[in-house]
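> Just to be clear, the model below is a prediction. Sequence and coordinates:
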Amino acid sequence: MTNKKEKITVQGTEIALFSNPDNKNYICITDIARYRNPVEPKDVVKNWMRNRSTIEFLGLWEKIYNPDFKGVEFDPLWVASGSNAFTMSPSRWIEFTNAIGIITKTGSGGGTYAHEDIAFEFASWISSEFKLYLVTEFKRLKQEEQQRLSLEWNLQRTLSKINYRIHTDAIKEHLIPSVVTREQITFLYANEADLLNVALFGETAAQWRNENPNNKGNIRDYATLEQLVVLSNMESVNALLIRQGLSQGERLLQLNKVAITQMRSLMNNQNLMKQIK
């Protein structure tokens, strides 16, 4: 499993968190427990998991989000929970029920991590005030991430538009006859744009609009960051192929190869960066 790791500080307590490849957020409840007991935070987590209300909440969360949750094994735990003799630890909970809402990690950065829903519930048990500050700091971090991604997306969109100007200049120089109507010029530009759309997205702009009548904008407005990077490169490649005199059919094959190769390269590099992090 590859994860994106980060840290936030809440009321002087440093708390680790990570997002897994499915973009689910997990927060270190061992770090949260240090707010109450900096010496033995594990004991705080175990005490919380002894409560009947905690076991009930954890079981309900798993039933909703975990198709492999062992409900049969959960039932006797729920019945026994809350009694003086009942004990529970994160590793025992995971082993008995095949839970995914709580994860244990060893080594550097180790501890018990919980899905944000569960972590916030634990923080509320620790301190209502601490939970409020935790939620506020967590939301701030996620908002900054979204703003950063949006900035990167807009940067690539702008780069794509700049390269599109280079692209259309090449069309004007090499594909448009000396005497044409405005409608013919517009058609050729749209045709070349759709050449790229077909090579990268597998469909024309019109086909996309027919399939997505309720979406505003165009097919490129819904592209991923990786697709925009490849699209920007393809516009430059197409301009070069136009100047070399290749037909649209020949260029479509070449551009499709470029799209496949570069998307594979970007996705492989993205996976590599996740492993490094």
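Structure's in. What do you need? Numbering: from 1, shown residues only.

> the strands in the chain, which residues?
In the chain, the segments counted as strands under DSSP state E are 4-10, 13-19, 25-28, 102-105, 111-115.

> What segments of the stretch 51-200 of the chain are helices?
Under the criterion DSSP state H, counting those that start in this stretch, helices of the stretch 51-200 of the chain are mapped to 52-65, 71-80, 90-97, 116-126, 128-174, 182-201.

> Domain map for the protein?
When the chain is parsed with automatic domain parsing, its domains come out as 4-126, 147-276.

> Save these as JSON lines, and put in distance to residue 134 and mean pLDDT too.
(Glycine included, C-beta is placed from N, CA and C.) Formatted as JSON lines, these follow (distance: least, CB to CB, whole Å; pLDDT from 0 to 100):
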{"stretch": "domain 4-126", "distance to residue 134": "5", "mean pLDDT": "91"}
{"stretch": "domain 147-276", "distance to residue 134": "21", "mean pLDDT": "73"}
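
> Just say which of those is most tucked in.
Comparing the domains of the chain by mean neighbour count (mean count of other CB atoms under 10 Å), domain 4-126 comes out on top with a mean of 17.

> how about residue 204, what does it touch?
By CB atoms under 8 Å, 6 or more residues apart in numbering, the residues touching residue 204 are 194, 197-198.

> Which one of the residues you listed is nearest to residue 42?
Checking these against residue 42 by CB to CB gives residue 197 as the nearest, at 55.1 Å.

> Please report the distance of that closest one from residue 6.
To residue 6, residue 197 is 36 Å away according to CB to CB, to the nearest Å.

> re earlier: which one, of the domains of the chain, ends up nearest to residue 141?
The closest of the domains of the chain to residue 141 is domain 4-126. By CB to CB, the value is 5.6 Å.

> chain center to that closest one: distance?
Domain 4-126 sits 23 Å away from the centroid of its parent chain (CA atoms, centre = their mean, to the nearest Å).

> what's the answer for stretch 223-232, then?
16 Å.

> mind giving me CSV with the domains of the chain and columns for distance to residue 133?
Formatted as CSV, the domains of the chain follow (distance: least, CB to CB, whole Å):
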stretch, distance to residue 133
domain 4-126, 5
domain 147-276, 21
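
> mind checking which of those is nearest residue 137?
Here domain 4-126 is closest among these (CB to CB), at 4.8 Å.

> For residue 52, give me its contacts.
By CB under 8 Å, 6+ apart, the neighbours of residue 52 are 78, 81-82.

> how about those residues in JSON lines, adding distance to residue 132?
Formatted as JSON lines, the contacts of residue 52 follow (distance: CB to CB, whole Å):
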{"residue": "78", "distance to residue 132": "29"}
{"residue": "81", "distance to residue 132": "27"}
{"residue": "82", "distance to residue 132": "27"}
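
> With respect to residue 46, which of the residues you listed is nearest?
Among the contacts of residue 52, and counting by CB to CB, the member closest to residue 46 is residue 81, at 12.6 Å.

> Against residue 88, how distant is the closest one?
Plainly put, residue 81 is 7 Å away from residue 88 if you go by CB to CB.

> now swap in residue 264 and tell me
Distance from residue 264 to residue 88, by CB to CB: 46 Å.

> next one: residue 225
Here residue 225 is placed at a distance of 43 Å from residue 88 (CB to CB).

> same question, residue 147
40 Å.

> before we move on, what about residue 141?
30 Å.

> Skip the chain neighbours and tell me the closest residue to residue 193.
residue 205 (7.0 Å; CB to CB, 6 or more residues apart in numbering).

> could you list every residue that touches the one you found?
Taking CB under 8 Å, 6+ apart as the contact definition, residue 205 lies against 190, 193-194, 197, 218-219.

> can we see that at 6 Å?
Shown in contact with residue 205 (CB atoms under 6 Å, 6 or more residues apart in numbering): 194, 197, 218-219.

> go on, residue 116?
25, 27.

> And for stretch 82-97, what's in contact with it?
Contacts for stretch 82-97 (CB under 6 Å, 6+ apart): 46, 49-50, 52, 70, 73-74, 80, 99, 102, 104, 112.

> Tell me the one among those nearest to residue 118.
If you rank the contacts of stretch 82-97 by distance to residue 118 using CB to CB, residue 102 comes first, at 6.5 Å.
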